[in-house]
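1. Here is my input, please return the structure:
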Amino acid sequence: MKNTQASIMNNIKFKIKSTYFDEQYIPSTSTRITTNFANLARGKGRQENVRNTINMINNRFNTLANWDNPNNTRYSVKLEIISVDLEVDGSGTTFPLIEVLKTHIIDHEADKQIEGIVGNNFSSYVRDYDFNVLLLEHNKGKDNFSTPGNFGDLHGTLFKSFVSSNIYKKHFNKPPVICLSISHNKTYYRTGNYHTILGFEYQPNKSSLTVQYFKKMGLQVRYFMPLNSVAPLAFYFFGDLLTDYTNLELISTISTMETFQKIYRPEIYNANSIAGQYYKPSLKNQDHSITKIIYDREERTQLGIEQGKFAEKHFIKPYKSTLQQWCTNFTL
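-> This is a model prediction of the structure:
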């Protein structure tokens, strides 16, 4: 059994490739089209979409990094798309496992580049499978919603294995931080905790399936509403979010992910009113502003199911036995 497990571990390999999110970016055939950055870089207006998005990110960054920055032009952000492929059987054939964004901060006054945070956006075909195929099939015909007993185990093991791998440590100096929108199904209340960059901390009235799913990835969550934001963001992280990262690193994540949320969740993140002591977000909120960047939300929902079926066909079913053995015996 030990030899079999050792053989499996030797065959499973992570591979990293990257490209930059700029006006020349065209999504690869292995990229999930529902991913924020990929969805924007499509169609006739893709270059304008990307240009406007980058401008929004840079403007937000300079607003938050306002010390020694009188003209609000000192910094800009470069976004690197990190694509992680997984080879399972030693054949050289790989499956597109996850994609995240790495921020790079350009200090024009000091003429230097500062490393930012890896993570930010999080894209995963296996997550599409779990939520859009496995979960739907498990609850088909049932009156009460439930999850399979091992829901999220494989995905969590894959993620933890990547973050603890030598190839991750070779490319990145710190653990990832993933930033998501808050749930429109919960109420959030403001606590007395305030951070200079992250702003007011909020707490939800209950947990969620997403929180439990990310917990299996080894991630904990905290909710903060930065200065001049209108709603909290959900930050998923290892370690200590408030002390493990510099102000500029945190600002790079806030400016990047708040911009994407303003585009994709304008009812919440581009609302014309600010979250108060108690906040119940709503996707039906009509009092919000629309950015110049247009996307098809209905298409994103439909594609999520297609992407889940793609993962089932090309990854889950072909490697089911190997993945189950590996997941059962995996230890950090």
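2. Every contact and neighbour count from this point should use C-alpha atoms.
-> Will do.
3. So for Asn144, what's the pLDDT?
-> For Asn144, the pLDDT comes out at 88.
4. for it, helix, strand, or coil?
-> Reducing the assignment to helix, strand or coil with DSSP: H, G, I helix; E, B strand; the rest coil, the entry for Asn144 is coil.
5. what do you get for Tyr202?
-> Using three-state DSSP, the secondary structure recorded for Tyr202 is strand.
6. do the same with Ile268
-> Following three-state DSSP, Ile268 is assigned to helix.
7. from memory it sits against Tyr279, does it?
-> No: here Ile268 does not reach Tyr279: they are 10.5 Å apart, not a contact under Cα atoms under 8 Å.
8. Of those two, give the one with the bigger neighbour count.
-> A count of neighbours by other Cα atoms under 10 Å puts Ile268 above the other of Ile268 and Tyr279, at 29 against 19.
9. Mind checking what secondary structure Phe14 has?
-> Per three-state DSSP, the secondary structure class of Phe14 is strand.
10. neighbours around it, how many?
-> For Phe14, the number of neighbouring residues by other Cα under 10 Å comes to 21.
11. ditto for His155
-> Neighbour count of His155, defined by other Cα under 10 Å: 22.
12. Contacts for the helix or strand hosting it next, please.
-> With secondary structure defined by DSSP states H and E, His155 is part of helix 153-163. The set of residues that contact helix 153-163 without belonging to it, under Cα atoms under 8 Å, 6 or more residues apart in numbering, is 14, 126-127, 168-169, 175, 213-218, 323-324, 327, 330, 332.
13. Quick one: buried ones out of these?
-> With neighbours counted by 16 or more other Cα atoms under 10 Å, the contacts of helix 153-163 contain buried members at 14, 126-127, 168, 175, 213-218, 323, 327.
14. what touches both of Ile268 and Tyr279?
-> Between them, Ile268 and Tyr279 share no neighbouring residue, with contact defined by Cα under 8 Å, 6+ apart.
15. So what's the residue count around the closest residue in space to Arg51 that isn't next to it in sequence?
-> In space, and not counting its chain neighbours, Arg51 is closest to Glu23: 6.3 Å by Cα to Cα, 6 or more residues apart in numbering. With neighbours defined by other Cα under 10 Å, the count for Glu23 comes to 15.
16. Buried residues, stretch 184-194. List them.
-> Buried residues in stretch 184-194, defined by neighbour count with 16+ other Cα under 10 Å: 186-190.
17. Next, check those residues against the strands and list the overlap.
-> The subset of the buried residues of stretch 184-194 located in strands under the criterion DSSP state E comprises 188-190.
18. Out of those, flag the one nearest to Asn120.
-> Using Cα to Cα, Tyr188 is the member of these that lies nearest Asn120, at 21.8 Å.
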